[in-house]
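Trainee: Have a look at this prediction, sequence included:
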Amino acid sequence: MDIRVERGDIAQQSADMIIVNLFEGVTSPGGGTGAVDAALDGAISQVINDGGCRGKPNEMTMIHTLGKLPSPRVLVAGLGKQEDFTLDKVRALAATAARYARRARCERIASITHGAGIAGLDPHDCAQAIAEGTVMGLYTFNRHKKPKEDDIEVQELVLVEFDQSRIAALQRGVHRGVVLGEAANAARDLSNEPGNVLTPTELAARAQALAADTGLECEVFDQPWMEEQGMGALLGVARGSDQPPKFIVLRYRGGGSSHLAYVGKGITFDTGGISIKPAAGMEEMKGDMSGGAAVIAAMGAIAKLKPKIDITAVIPATENMPGGRATKPGDVVRAMDGKSIEVINTDAEGRLILADALCYVQAAIDGGPDAIVDVATLTGAISIALGDVAMGAMTNDDALLGRLQRAAEEAGEKIWQLPMYEEYKDQIKSDVADMKNVGGRNAGSITAAFFLKEFVDDTPWVHIDMAGVDFYEKVKGVTVKGASGIPVRTLVHLAFILANEPLEA
Ligand code: BES
Ligand code: MN
Ligand code: ZN
């Protein structure tokens, strides 16, 4: 779809539907909504006075213009209370309004810039939020379904702005928002794809295609290379599968003084291996590469938006299957740095493949990375702790986590810190190896993070456990059914924050 900015009067705009807005409690609207109200001889005010429209959050009221305006329909989108209004609400409102327009079969829509009027939010940021919300809110994953005959797609959104001096900022905002929204949708596409389609080989091919499109460097390594590198933990997981594992490396060179490393879990299907999962809900495990998908998609957006920072991203990709050669409980494997691991539960495979990826990314960057962020659907325990509202974050460096939290806030994605008290580490002590891969039921997300920490030297590092937020059953705001596209936008914002404010050496 095309999103653009035009100078003009929203009331005179020709579209299938024009979108204006209303704060709760307002009885005689001003700004763009007021202009449309006047052109309709007070129809909006009248609907308000009749109680048909109250400006409640996400309330959508459609008014037919019956020849009074160039556009046949006006949608009055409720903004809620003015004092509660934020960019997150702008984003969600744009998503809800766009879906309303699609249901109303409107292909060409036009809107005022929600939030940039009496709410007083920054026009650039509002335009970005509207573009992000629209692109993400309209997302569908239909590639394996027969198309429905009377379905339409929204083709065009025009942000109509009266004030010429705002146009350039709105255009910049729209561009950024489209890139970010499309990146989130690209991650959703990867996560929603079934496991028989999105094998490790296919994930690597898609990463390569993205790299070719955006000018990223991409290398994909095969099993013999993993053997040379001594990646026994990753290979131990891959053993149970007939699909060849892939190790994907993406590089972005934006210059600047910092080198950031992103690591994403790329389990294209997690059966649990020999410690096999129950049948109910196992199909969800096609999304066990959501961390890798987020990293790949974020790198694509970064290549387009060009922050001044270098980034190396690695995605270890394999299935976790219970084949005849699969790793068994009690087996001992050795990671790239020589540490031995007793595999107590083959379903704790994410930390095994991440261990080798963490070793590799530190060795592969000259002088080592300045910061490492890994992203993984790592533990069911994180959903018990935080539900589907927030990701969990565990770190050895509060300054890095602080920047990540700001990035998440900017994206409207939530992240909550769990503690790394040394006492938890005892839970992963092994009698036969340097560590074991599970630490029992208690504090399962934290002991997983302690396992990963064993493979990180003193580099500032944050581990993001996104297992609770990788997909949703409900449509709400920018969220649609299926893969969430979290935390793509957070990762892009973090690159900009670290480019502008490198961590102290
Ligand atoms: N991929 C799962 C975690 C997961 C669970 C992601 C639910 C999304 C939704 C991970 O590989 C796993 O199986 N973790 C185990 C670890 C346990 C064996 C220590 C878990 O959480 O049960
Ligand atoms: Mn597992
Ligand atoms: Zn897993």
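Mentor: Received the coordinates, thanks. Residues are numbered from 1 along each chain as shown. Ligands and ions are numbered 1, 2, ... in the order given.
Trainee: Check which helices and strands the helix ranked longest in the chain is in contact with.
Mentor: Longest helix in the chain, counting residues (DSSP state H): helix 167-192. The helices and strands touching helix 167-192, judged by 3 or more Cβ pairs under 8 Å, 6 or more residues apart in numbering; DSSP states H and E, are strand 2-7, helix 123-137, strand 156-161, helix 200-214, helix 290-305, strand 482-483, helix 488-500. C-betas here are computed from N, CA, C, even on glycine.
Trainee: in the last one, what's buried?
Mentor: Read it as helix 488-500. Judged by neighbour count using 16 or more other Cβ atoms under 10 Å, the buried positions of helix 488-500 are 488-499.
Trainee: do the same with the third one
Mentor: Buried residues in strand 156-161, counted by 16+ other Cβ under 10 Å: 157-161.
Trainee: ok, that strand: who's next to it in the sheet?
Mentor: Using DSSP bridges, the strands paired with strand 156-161 in its sheet are strand 2-7 (parallel), strand 108-111 (parallel).
Trainee: That one versus helix 123-137: what angle between them?
Mentor: 160 degrees (axes from the mean of the first three to the mean of the last three Cα atoms, to 10 degrees).
Trainee: Now do strand 156-161: distance to the chain's middle.
Mentor: 25 Å (Cα atoms, centre = their mean, to the nearest Å).
Trainee: okay if I get the helices and strands packed on helix 167-192 as TSV plus mean pLDDT and distance to residue 460?
Mentor: Formatted as TSV, these follow (pLDDT from 0 to 100; distance: least, Cβ to Cβ, whole Å):
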stretch	mean pLDDT	distance to residue 460
strand 2-7	98	37
helix 123-137	98	28
strand 156-161	98	39
helix 200-214	98	26
helix 290-305	99	18
strand 482-483	98	29
helix 488-500	98	10
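Trainee: could you dump the ones you listed to TSV with distance to residue 383?
Mentor: Formatted as TSV, those follow (distance: least, Cβ to Cβ, whole Å):
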stretch	distance to residue 383
strand 2-7	34
helix 123-137	22
strand 156-161	35
helix 200-214	24
helix 290-305	13
strand 482-483	16
helix 488-500	19
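Trainee: In the chain, where is pLDDT below threshold?
Mentor: Within the chain, not a single segment meets pLDDT under 70.
Trainee: now with 80?
Mentor: Along the chain, the model assigns pLDDT under 80 to residues 505.
Trainee: interface residues of it facing ligand 3?
Mentor: By the rule Cβ under 5 Å from the ion, the part of the chain lying against ligand 3 is 267, 270, 288, 350.
Trainee: Could you dump the residues you listed into JSON lines and include neighbour count and secondary structure?
Mentor: Output for the residues of the chain next to ligand 3, formatted as JSON lines (neighbours: other Cβ atoms under 10 Å; DSSP: H, G, I helix; E, B strand; the rest coil):
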{"residue": "267", "neighbour count": "27", "secondary structure": "strand"}
{"residue": "270", "neighbour count": "25", "secondary structure": "strand"}
{"residue": "288", "neighbour count": "26", "secondary structure": "coil"}
{"residue": "350", "neighbour count": "28", "secondary structure": "helix"}
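Trainee: ok, and of those residues, which contact ligand 1?
Mentor: The subset of these within reach of ligand 1, by Cβ under 6 Å from any ligand atom, is 270, 288, 350.
Trainee: Phi, psi for the closest residue to residue 442 other than its chain neighbours please.
Mentor: Excluding its sequence neighbours, the residue lying closest to residue 442 (Cβ to Cβ, 6 or more residues apart in numbering) is residue 427, at 7.3 Å. Residue 427 adopts backbone torsions of phi -70, psi -20, taken as degrees, to the nearest 10.
Trainee: What number of residues are in the vicinity of residue 427?
Mentor: 18 (other Cβ atoms under 10 Å).
Trainee: Residue of the stretch 51-200 of the chain nearest ligand 2, please.
Mentor: residue 195 (13.5 Å; Cβ to the ion).
Trainee: ditto for the chain
Mentor: Counting by Cβ to the ion, the chain gets nearest to ligand 2 through residue 347 (3.9 Å).
Trainee: Save the residues of the chain next to ligand 3 as CSV, and put in distance to residue 478 too.
Mentor: Formatted as CSV, those follow (distance: Cβ to Cβ, whole Å):
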residue, distance to residue 478
267, 25
270, 26
288, 23
350, 26
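Trainee: nearest to residue 116, of those residues?
Mentor: Nearest to residue 116 out of the residues of the chain next to ligand 3 is residue 288 (Cβ to Cβ; 40.3 Å).
Trainee: I figured that closest one was touching residue 264, is that so?
Mentor: No: if you go by Cβ atoms under 8 Å, residue 288 and residue 264 don't touch, sitting 11.1 Å apart.
Trainee: quick one on the thing from earlier: for the buried residues of strand 156-161, which one is nearest ligand 1?
Mentor: Of all those, residue 157 has the smallest distance to ligand 1: 33.8 Å, by Cβ to the nearest ligand atom.
Trainee: Out of the helices and strands packed on helix 167-192, flag the one nearest ligand 1.
Mentor: Comparing the helices and strands packed on helix 167-192 by Cβ to the nearest ligand atom, helix 290-305 comes nearest, at 8.2 Å.
Trainee: Using CSV, write out every CA atom in that closest one.
Mentor: Provided in CSV are the C-alpha atoms of helix 290-305 (Å, rounded to 0.1, in the frame of the first residue of the first chain):
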residue,chain,number,x,y,z
SER,A,290,10.7,-15.6,16.1
GLY,A,291,13.8,-14.2,17.8
GLY,A,292,15.8,-14.9,14.6
ALA,A,293,13.0,-13.5,12.5
ALA,A,294,13.0,-10.3,14.5
VAL,A,295,16.8,-9.9,14.2
ILE,A,296,16.7,-10.5,10.4
ALA,A,297,13.8,-8.1,9.8
ALA,A,298,15.3,-5.4,12.1
MET,A,299,18.6,-5.6,10.1
GLY,A,300,16.6,-5.0,6.9
ALA,A,301,15.1,-1.8,8.4
ILE,A,302,18.4,-0.7,9.8
ALA,A,303,20.0,-1.0,6.3
LYS,A,304,17.3,1.3,5.0
LEU,A,305,17.3,3.9,7.9
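Trainee: any residue of whichever helix or strand comes after that helix up close to ligand 1?
Mentor: Downstream of helix 290-305, the next assigned helix or strand under DSSP states H and E is strand 310-320. No: if you take Cβ under 6 Å from any ligand atom as the test, strand 310-320 misses ligand 1, and the best it gets is 7.1 Å.
Trainee: which helices and strands sit right next to strand 310-320?
Mentor: So strand 310-320, by 3+ Cβ pairs under 8 Å, 6+ apart, packs with helix 200-214, helix 232-238, strand 246-253, strand 259-264, strand 266-270, helix 290-305, helix 350-364.
Trainee: Nearest to residue 98, out of the ones you listed?
Mentor: The minimum distance between residue 98 and those falls on helix 290-305, with 20.2 Å, by Cβ to Cβ.
Trainee: does that closest one come close to ligand 2?
Mentor: No: judged by Cβ under 5 Å from the ion, helix 290-305 and ligand 2 are separated, with a smallest distance of 12.7 Å.
Trainee: the inter-axis angle of that helix versus strand 246-253?
Mentor: 30 degrees.
Trainee: Compute the distance from the centre of helix 290-305 to the centre of its chain.
Mentor: The chain centroid and the centroid of helix 290-305 are separated by 9 Å under Cα atoms, centre = their mean.
Trainee: What of stretch 393-413?
Mentor: With Cα atoms, centre = their mean, you get 14 Å for stretch 393-413.
Trainee: Minimum distance to ligand 3, which residue of the stretch 251-400 of the chain gives it?
Mentor: Closest point on the stretch 251-400 of the chain to ligand 3, by Cβ to the ion, is residue 270, at 3.7 Å.
Trainee: what sits against the nearest residue to residue 26 once chain neighbours are set aside?
Mentor: Leaving aside its chain neighbours, residue 26 sits nearest to residue 55 (6.0 Å; criterion: Cβ to Cβ, 6+ apart). Neighbour list for residue 55: 22-26, 48, 78-80 [criterion: Cβ atoms under 8 Å, 6 or more residues apart in numbering].
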